[in-house]
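Visitor: what's the 3D shape of this:
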Amino acid sequence: MIRPLRTAHRSMFTVLAVALPILFTAAIVSRKAVPTAAKSTAAAENVAEFRFVFNGDRVSLSLDHFVAEPHDRYVLRSAGAVSLPETLLYWTPSEAKDAVPAGASLVGAVVVDRPFTIPEKYTLSGSLLIYDAPHSKLLAQSSLGQR
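Guide: Numbering: from 1, shown residues only. The predicted model follows:
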């Protein structure tokens with residue numbers, strides 16, 4: 001009773017030993033290339049500057065605006081290496097004092113050199129806020145005016 005099972009297992013291992021490398025190679029060869037984002041050829045306009053102290057380090061970010069179809073894009077840039085964990089970017093139609101206003105909308109996490117858009121439903125003027133979530137502290141804000 002054991003001998004037929006051993007024979008079946010041996011034949012299955014032989015088939016797998018031959019078939020798996022062939023299938024693996026075929027899968028690697030047949031997969032599509034990873035798409036890369038095309039660099040924008042549109043000229044950037046520097047529309048805002050953010051300067052603040054984060055964890056004892058002085059941080060300076062510039063906000064570049066790219067006019068593109070169908071949506072305008074914004075990118076936060078920094079001259080040096082910046083790590084801003086758990087900082088959030090908010091859009092609000094009004095100025096903020098010490099905290100994020102109740103009418104503010106979350107744009108996303110603060111990530112340097114990653115494009116983001118501001119939804120069309122927002123008014124033509126307003127402010128961008130950089131908020132330190134763990135410390136419940138407003139780090140910086142900038143009024144964009146007309147966009």
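Visitor: my hunch is that Arg6 is in a helix, does that hold up?
Guide: Yes - counting by DSSP: H, G, I helix; E, B strand; the rest coil, Arg6 is found in a helix.
Visitor: so who does Pro115 touch?
Guide: Contacts for Pro115 (C-beta atoms under 8 Å, 6 or more residues apart in numbering) come out as Phe66, Arg73, Tyr74, Val75. Heads up, the C-betas are built off the backbone N, CA and C, glycines and all.
Visitor: ranking these by neighbours, who comes first?
Guide: Highest neighbour count within these: Tyr74, with 22 neighbours (other C-beta atoms under 10 Å).
Visitor: Can you name the next helix or strand after the one helix or strand that residue maps to?
Guide: If you go by DSSP states H and E, Tyr74 is part of strand 73-78. Sequence-wise, the next helix or strand downstream of strand 73-78 (DSSP H and E) is strand 87-92.
Visitor: Could you spell out the sheet neighbours of that next one, each with its direction?
Guide: With DSSP bridges as the test, strand 87-92 is paired with strand 105-109 (antiparallel), strand 127-132 (antiparallel).
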